[in-house]
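*Asks:* Predicted model and sequence below, questions to follow.
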Amino acid sequence: MIKNLLQGEKKVFMTGNEVIAWAAIAAKADIMYGYPITPQNEIMHYWTRMAPKAGKKFLQTEDELSAGFTTIGGVLAGKRAFTGTAGPGNTLMQEPVSMAEMMRLPMVIVIQQRGGPSTATVIYSQQETNLTCYGGNGEGLRVVYSTATHQDLFDYTIKAFNTAWKYRFPTFVLADGYQAKMRESLTMYDPKDRGIDMVPVEPILGKPGVPGIDRSPTHIRNTYNTEEELYDVIMSIAQDYEKFAPEIIEYDEQNINDAEIIIISHGVVSRAAYGAMLELREQGYKVGYFRPITLRPFPAKQLFNRARQAKMLIVVESALGQLAKLVKDAIYGCATPIENLSKPGVGIISEEIVERVKTLLKGGHFNVS
Amino acid sequence: MSVEPKMPKCWRKESKPHKFCPGCGHGLALKALGMAIDELGIQDKVVFGCDIGCSLLAWDFFDVDIVQTHHGRTTPVITGLKRANPDLIGIAYMGDGGGYAIGSQHLVNAATRNEKITAILVNNTNYGMTGGQMAPTTLPNQKTETSPYGRSIEETGYPTQGPEMVAAIARDEAYAARGTVANMRQLKGFFKKALQNQIDGNGFSFVEVLSTCPTNWRTDAKGTWKYLEEEMTKFFKVGEFKTPAAKGEQS
């Protein structure tokens, strides 16, 4: 018997990977395809325990290429299909994602970032930011939600399915090993109880009727013969992306109106940044907080307008300048100096950020009141 | 007045004449497949996936739904589709490079998992689309663009024996055969059995098709046919390697 596993609101205390499995159930996901890689594994572990009770499916594939391409097959059959991976698995995942980009296939991918490059650590990093935003041989025409809390993991995993199926772009939930493995409290809910309708899904291939008789056959491809043909396809996808971007873009900003220093961060690091901002405010510094929630599309205009009113920006990340690149690209033309606190593959606590900001101020480079 | 050649019912007339080179065996393989689909009456259920390489030219070949995928990745796309909707009949159509080289892990694992799909692999002993490089199926001493002095078995091994491998690793419910475009009636029969095996929900089915590539072989009509019938069959035995035991019968 198929059970509705999630009824009503429920306050829970669990790991991030478990949250994602629950969120996929809540989002009415139909099937998960996956390949083991740390720190993503428990998404599969929880999914495989719950899925049969909810009439849902799972396939363990031979590698991440297969996990990605079978997810595409699930999407083509008209199902909410998803996969999860990390690190070197994310590298392989970029091949199927590039196909999904070209063919507008609404696949959902959860990334639990681990150290890089190569095998590195199984623990934590924000070093898959570039890859997740711009991987593959294309233009990065995908949506990337960077989560910071377990509540985010639940909310944005549900949202990822709706964004993917509404706009027909591959959609990532970008988290990390800390979020995957730590326990934290959150409220789980059935989306419909909060007025969130799941965007309906439909078969892309295999619709009813005899093709060529009852209906036209659906023929979809990613190969083109001429430069002009490809150009028209890419520009049409890019145009849609630009058109939908304002509806998709999300960000958070706090104490920003009078901020002379803006701390910019994403994902779990933004929690340390938020704490640092509050502490510095208490000490009298005019510090603000800006967090892009969507890294693709990036809240460029929103950040530009804030950045040009500030006297200093500090980009804080567990990578060596990957968020900083996105920021520089977004605020091109803004003369406000950019400083960094970059710790590739290493966690960051608020005290470090406070100290870094104070050191920068003591250095006297900036005329900050 | 010309007489139109008889085409399978499920062929898409608007995309004919097809895009393959003159003398290419793909058209024949796809004719046998079209006849098999017609005779089984499954046009409304088939989803056809084609690979990269010459097989991608089949992307609009049939009046059935078609997805053209990446090199070697047709097997997982069709696997994912079939897993999500078992009512569909999934066909993964690929070349020897796609199935035996870049996508060999997918073929092996689909076979061992006994995926309920039908994989068809066209063997023309070389990478045709990219200009005739050595493939896993290239015959010993065969000259290609990347084995210009002939394939050295010491350096690069023997031709891959695909259906034999599938037969060795797959479950009893699987089907594995090798046909040839030189025997269309037999090839159509293999395709029908392979598809029937999927329809019956038995398991994985795999058909390799010996095919021709006069463009890259640099052969005339006579030489092409001689290579197909005499040279290729020295290494690639035509026939069935695994047939599922019918329910209630001894295998």
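*Replies:* Noted; the coordinates are in hand.
*Asks:* Can you get me a residue count around A:D197?
*Replies:* As a burial measure, A:D197 scores 8 neighbours (other Cβ atoms under 10 Å in any protein chain shown). From N, CA and C alone the C-beta is placed, and that goes for glycine too.
*Asks:* For the residue in the stretch 51-200 of chain B positioned nearest to chain A, list the residues it contacts.
*Replies:* Chain A sits closest to B:G80 of the stretch 51-200 of chain B, with a gap of 2.4 Å, by Cβ to the nearest Cβ. If you count contacts by Cβ atoms under 8 Å, 6 or more residues apart in numbering or on different chains, B:G80 has them with A:33, A:59, A:69-74, A:76-77, A:81.
*Asks:* Over to A:F172?
*Replies:* So A:F172 contacts A:108-111, A:132, A:142-145, A:160 (Cβ under 8 Å, 6+ apart).
*Asks:* Just give the nearest non-adjacent residue to B:D38, would you?
*Replies:* Distances taken as Cβ to Cβ, 6 or more residues apart in numbering or on different chains put B:K9 closest to B:D38, at 4.7 Å, once the chain neighbours are dropped.
*Asks:* Kindly apply the preceding question to B:P214 instead.
*Replies:* Spatially, and ignoring its direct neighbours in sequence, B:P214 is nearest to B:G23 (4.0 Å; Cβ to Cβ, 6+ apart).
*Asks:* Helix or strand for the one you found, just tell me which one.
*Replies:* When elements are defined using DSSP states H and E, B:G23 is found to belong to no helix and no strand.
*Asks:* Spell out whether stretch A:88-107 and chain B are in contact.
*Replies:* Yes: judged by Cβ under 8 Å from any Cβ of the partner chain, stretch A:88-107 comes into contact with chain B through A:95-96, A:99.
*Asks:* For the residues you listed, which single residue is the most surrounded?
*Replies:* Highest neighbour count within the residues of stretch A:88-107 next to chain B: A:P96, with 31 neighbours (other Cβ under 10 Å).
*Asks:* so that residue touches A:F69, yeah?
*Replies:* Yes: here A:P96 reaches A:F69: they are 4.9 Å apart, a contact under Cβ atoms under 8 Å.
*Asks:* what touches both of these two?
*Replies:* With contacts defined as Cβ under 8 Å, 6+ apart, the residues shared by A:P96 and A:F69 are B:70, B:73.
*Asks:* what about A:A335, how many neighbours?
*Replies:* When neighbours are defined as other Cβ under 10 Å, A:A335 has 7 of them.
*Asks:* and what of A:L360?
*Replies:* Each residue near A:L360 was counted by other Cβ under 10 Å, and the total is 18.
*Asks:* That one is in contact with A:K311, isn't it?
*Replies:* No: with contacts defined as Cβ under 8 Å, A:L360 does not count as touching A:K311, sitting 10.8 Å away.
*Asks:* where are the low-confidence patches of chain B?
*Replies:* Applying pLDDT under 70 to chain B flags the ranges B:1, B:4, B:246-251.
*Asks:* same check, this time on the stretch 51-200 of chain A
*Replies:* Scanning the stretch 51-200 of chain A for pLDDT under 70 picks out no residues.
*Asks:* By proximity to chain B, which residue of it wins?
*Replies:* The minimum distance from the stretch 51-200 of chain A to chain B, using Cβ to the nearest Cβ, falls at A:G73 (2.4 Å).
*Asks:* picking that back up, which residues sit in contact with the spatially closest residue to the residue of the stretch 51-200 of chain B closest to chain A that is not a sequence neighbour?
*Replies:* Using Cβ to Cβ, 6+ apart and skipping the chain neighbours, the partner closest in space to B:G80 is A:G73 (2.4 Å). With Cβ under 8 Å, 6+ apart as the criterion, the residues that contact A:G73 are A:81, B:76-84.
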